[in-house]
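1. below is the structure, and that's it, no one-letter string:
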């Protein structure tokens, strides 16, 4: 049955494979791309290819990078005695946006998940241990997510680091700033209460 | 401040210009494209370019087409005595999906909208009148949207067609199939009542 010409159907098909984009949204996006100037469409198309061509993984911290060692790892003004462990590049971007962290990162590129057959050898834990063992680091901040899997990954890494002469910390959990207590779930509230600190 | 390498930021920028895609969604899409195989990313990129290169407008009905005359206009099995007038190519696609219409189309590529300075000469009304005057058409089905602008556009075209020997009809409005009456707005319900038909 006919709906659209093949070139439109083809774009809709490829767009609807992206996460969170259903067929209706893909159709709307395709109609928008049809109306875009040729130059804008070319730039969009190019930026997808350019990403694939230029992106690499930092050899030290596994962050996304356009160079062999990423901008943060090669920045002498960053505090190389601090390493913050996160699950994904996006988590690192979030922490960078906060501007509250002066040290380096280590991206696990995943989280321990027995349900999905992801064990310690499938994420970059070995490389983290080697990095810490090499000496310069004095504190490891575990900033994996606060999901069950993120918590148990943090616990696993903390255990592995116990034998090394390094301080291990975990980012705080609690009531979000600006949040009303009555909208905070009970698990978060209990955690906030347990980890209360003196003023 | 550093968040992502330039190639990632560039893709996020271009994606977030698409309608309904904010910065967070663009970031999520970019992360997905990073993980896609090179081949899939190339196909996505190509499909955007291919659209711009191959698409044209049907010289008869103004539908999107990969050829000079679109598939429907050049299909001898379609009923050429029926012309359905719609606002956008997407509306035509919706009617085609329903499978309930055997005739040809005429895409106005817009709707009369004095507020936005869109008058009769800005949409393809002239071409519709010329097409009808040429003779083969016996019925024009007005399927513009049921918005105020769509309704007044239908009214305007009906008025223009009055002098021509052609039947003019309007698609029915009413309670959606499978819909519960208590969720139907009053204007729709009033219309459904006024246009009730004998069983």
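-> Received, thanks. The structure displayed is predicted, hence computed values, not measured ones.
2. what's the pLDDT at the residue nearest the centre of chain A?
-> In chain A, the centroid-proximal residue (C-alpha atoms, centre = their mean) is residue A:88; its distance is 2.4 Å. Looking at residue A:88, its pLDDT reads 91.
3. so it sits against residue A:123, correct?
-> No. Counting by C-beta atoms under 8 Å, residue A:123 is not a contact partner of residue A:88; they are 10.5 Å apart. All C-beta spots, glycine's among them, are computed from the backbone N, C-alpha and C.
4. what stretches of chain A score poorly on pLDDT?
-> A:1-2 (pLDDT under 70).
5. domains for it, by residue range?
-> Following automatic domain parsing, one finds the domains of chain A at A:6-54, A:76-170.
6. measure the longest one end to end?
-> End-to-end distance of domain A:76-170 (C-alpha to C-alpha, to the nearest Å): 25 Å.
7. ok now that domain, how far from the chain's centre?
-> What separates the centre of domain A:76-170 from the centre of its chain is 11 Å, taken as C-alpha atoms, centre = their mean, to the nearest Å.
8. ok, stretch A:45-58 next?
-> Computed by C-alpha atoms, centre = their mean, the chain-centroid distance of stretch A:45-58 equals 18 Å.
9. hmm, who's touching that stretch?
-> With C-beta atoms under 8 Å, 6 or more residues apart in numbering or on different chains as the test, stretch A:45-58 has contacts from A:63-70, A:73, B:5, B:7-8, B:10-11, B:13-14, B:30, B:33-34, B:38, B:41-42, B:44-46, B:48-49.
10. C-terminal to the strand ranked longest in chain A, what's the next element?
-> In chain A, with assignment by DSSP state E, the single longest strand is strand A:79-86. As assigned by DSSP states H and E, the chain's next helix or strand after strand A:79-86 is helix A:89-98.
11. and the angle for that following helix with strand A:79-86?
-> Orientation check (axes from the mean of the first three to the mean of the last three C-alpha atoms, to 10 degrees): helix A:89-98 against strand A:79-86 gives 130 degrees.
12. any idea which helix or strand comes after helix A:89-98?
-> According to DSSP H and E, the helix or strand after helix A:89-98 is strand A:103-107.
13. direction included, what does that following strand pair up with?
-> strand A:79-86 (parallel) (DSSP bridges).
14. in the strand it pairs with, which residues are buried?
-> Across strand A:79-86, burial judged by 16 or more other C-beta atoms under 10 Å in any protein chain shown covers A:82-86.
15. now tabulate the residues you listed in CSV and tack on distance to residue A:165.
-> Listed next are the buried residues of strand A:79-86 as CSV, based on distance: C-beta to C-beta, whole Å:
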residue, distance to residue A:165
A:82, 15
A:83, 14
A:84, 19
A:85, 17
A:86, 23
